[in-house]
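Student: what follows is a predicted structure for the sequence shown.
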Amino acid sequence: MHRIDCPWCGVRDEAEFQYGGDATVDPAPISTDADNAYRAVYLRCNPMGWHLEWWHHVSGCRRFVKVLRHTASHEIAATGYPGEELEVPQ
Amino acid sequence: MRYSALQLLRQGLNGHRGWPRMWRNPEPRRSYDVVIIGGGGHGLAAAYYLASQHGITNVAVVEKGWIGGGNVGRNTTIIRSNYMLGPNIRFYEHSMKLWEGLEQELNFNVMVSQRGVLNLYHSDGQRDAFARRGNAMRLAGVDAELLDANEVRRLVPQLDFENARFPIQGGLLQPRGGTVRHDAVAWGYARAADALGVDVIQNCEVTGILTEGNRVVGVETSRGRIRAGKVGSAVAGNTTRIADMIGLALPIESHVLQAFVTEGIKPLINTVVTFGAGHFYMSQSDKGGLVFGGDLDGYNSYAQRGNLPAMEHVMAGGMAILPVLGRLRLLRHWGGIMDMTMDGSPVITRTRVDGFYLNGGWCYGGFKATPASGWCFAHTIANDREHPLCEAFSLERFRTGGLLDEKGVGPNPWIQ
């Protein structure tokens, strides 16, 4: 069970959250370049290691939390506000 | 050694001490015509069909763990071809036909059991959607029968038909669907490929792909460098890790999916049943355990183990159609890593690197696809051109819009 430290509500169980995927994806710039759209819609980081991702606290404060989580150990190194930069542990 | 009833009798009289190893345990050679990365069902099937259909026998299958230890031994063993979109129906029906002849082909008892796959529906709208899918299947020559509640009751009387929230109105049955003993599939293909000269190399992890210019020339492994004319990747949940080695960005995420088995009981259900108002699928193994699964855990993972919220969700789905499940003890549960594509359909294709071929993105549906996946992948590698049955499974479809979105949930793999 993941325990996610919501910056607004404190440490809460995974069951209160809905996963929101890769937090490094930028929205496609407004242009006619199909490649930009392809990258924004379909390409994701998929590392075996530290992964920056969104979790929506849907059964809590309903805000989006940024989470730095390890995809092999499921360890959570840091959580923060959407605009926050999270440091990858050494 | 050819397996037969006579051979069984002869070995039995000998105390079963004379059975040979099913496949050799070779050291990797310096070079091969083709190296397949991943000794799961798809990789072994591809190697077998390369040898048997295309006469290419100088082939190695390199596997980081042991044969049967990956997703081929972690799924819920269901086979079916009850899809709606044309390319999917044709591909999975080819797979079904290969399953139907697989035991004779491989001379190995993989226990193909065509006990039927029954998708339950719980509303008028869902009945109409199932009727449409059944019609699409029948137009493609696949068997499908739309059953009402009474017909389902005759087939599986133990279900909770009067469930207050999700009463069972009927089901879409594919009689030729069913189950197959999954690890026997891996063993059967490994043995048959080995007999044709393929080297099945276990405990050999690929750590890099060797290229010269735009051409692949081999792989770097934990047991040394292996040169190869062509390299095919069939590595289930680790597809993007292999693709990263040659700088190929893929529209794929890795997610964990759990499966469960209860203690063994007397015969309870004699078909595969799926819940239509949630995501839950179940069959009963020959040992008597109820084997079932449901949704992904719902976050990127390479952990091969799941978490409790997903487990509770799956159990709730099971209890909604089969309340007797609550009296059973859970024996085991485990996780496997799915490579989830952004439209829920797989990829079998050449790549922009010459001589490097990709087989992946099987999402939940890899096991039933095993024979056809190997068949099409072998054809693609041997001819350097996609088999007609897998032309739609290209990477280009994400750029051109030719998606195969059977569920239509958008590019969010964790809710597929």
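Tutor: Thanks, I have it.
Student: just the CA coordinates of stretch A:37-54, formatted as CSV?
Tutor: Provided in CSV are the C-alpha atoms of stretch A:37-54 (Å, rounded to 0.1, in the frame of the first residue of the first chain):
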residue,chain,number,x,y,z
ALA,A,37,0.8,16.3,-30.9
TYR,A,38,2.0,12.7,-31.2
ARG,A,39,4.7,13.3,-28.5
ALA,A,40,2.3,15.1,-26.1
VAL,A,41,-0.5,12.6,-26.4
TYR,A,42,1.3,9.3,-26.7
LEU,A,43,4.9,9.5,-25.4
ARG,A,44,5.5,9.0,-21.7
CYS,A,45,8.5,8.4,-19.5
ASN,A,46,8.6,4.8,-18.4
PRO,A,47,11.7,4.3,-16.3
MET,A,48,12.6,1.4,-14.1
GLY,A,49,13.5,3.8,-11.3
TRP,A,50,12.4,7.2,-10.0
HIS,A,51,9.3,8.4,-11.8
LEU,A,52,7.7,11.9,-11.4
GLU,A,53,3.9,11.5,-11.5
TRP,A,54,0.5,13.0,-10.7
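Student: who are the contact partners of B:Gln174?
Tutor: Residues near B:Gln174 by Cβ atoms under 8 Å, 6 or more residues apart in numbering or on different chains: B:Arg80, B:Ser81, B:Asn82, B:Gly116, B:Val117, B:Met137, B:Val142, B:Asp143, B:Ala144, B:Glu145. Where C-beta positions appear, they are placed from N, C-alpha and C, glycine not excepted.
Student: how long is stretch B:237-252 from one end to the other?
Tutor: 9 Å (Cα to Cα, to the nearest Å).
Student: can you pull the buried residues of it?
Tutor: With burial defined by 16 or more other Cβ atoms under 10 Å in any protein chain shown, the residues of stretch B:237-252 counted as buried are B:237-246, B:248-252.
Student: quick one: the helices in the chain?
Tutor: Using chain A. In chain A, the helices defined using DSSP state H lie at A:34-42.
Student: can you look at chain B instead?
Tutor: So, for chain B - with DSSP H - the helices run B:5-13, B:41-54, B:86-106, B:124-139, B:149-155, B:182-195, B:239-245, B:308-321, B:366-383, B:397-400.
Student: interface residues of chain A facing chain B?
Tutor: Counting by Cβ under 8 Å from any Cβ of the partner chain, chain A comes close to chain B at A:1-2, A:13-15, A:18-19, A:21-22, A:34-35, A:38, A:41-44, A:46, A:48, A:51, A:53, A:69, A:71-74.
Student: please indicate which of the residues you listed are buried?
Tutor: Here, 16+ other Cβ under 10 Å leaves A:2, A:14, A:18-19, A:21-22, A:38, A:41-44, A:46, A:48, A:51, A:53, A:69, A:71, A:74 buried among those.
Student: centre of the chain to stretch B:63-82, how far?
Tutor: 6 Å (Cα atoms, centre = their mean, to the nearest Å).
Student: next, the residue of the stretch 251-400 of chain B found nearest chain A: phi, psi?
Tutor: Chain A sits closest to B:Pro251 of the stretch 251-400 of chain B, with a gap of 3.8 Å, by Cβ to the nearest Cβ. The phi/psi pair for B:Pro251 (degrees, to the nearest 10) reads phi -80, psi 60.
Student: I'd say it and B:Phe398 touch.
Tutor: Yes. Counting by Cβ atoms under 8 Å, B:Pro251 does reach B:Phe398; the two are 5.1 Å apart.
Student: if we ignore the residues flanking it in sequence, what's nearest the residue in the stretch 101-250 of chain B that chain A sits nearest to?
Tutor: The minimum distance from the stretch 101-250 of chain B to chain A, using Cβ to the nearest Cβ, falls at B:Thr240 (4.4 Å). In this structure, B:Thr240 finds its nearest non-sequential neighbour in A:Asn46, 4.4 Å apart by Cβ to Cβ, 6 or more residues apart in numbering or on different chains.
Student: excluding its backbone neighbours, what's nearest residue 23?
Tutor: Just so you know, I chose chain A. A:Leu52 (4.5 Å).
Student: the intended chain is chain B.
Tutor: Nearest to B:Trp23 is B:Asp194, by Cβ to Cβ, 6+ apart, at 3.6 Å.
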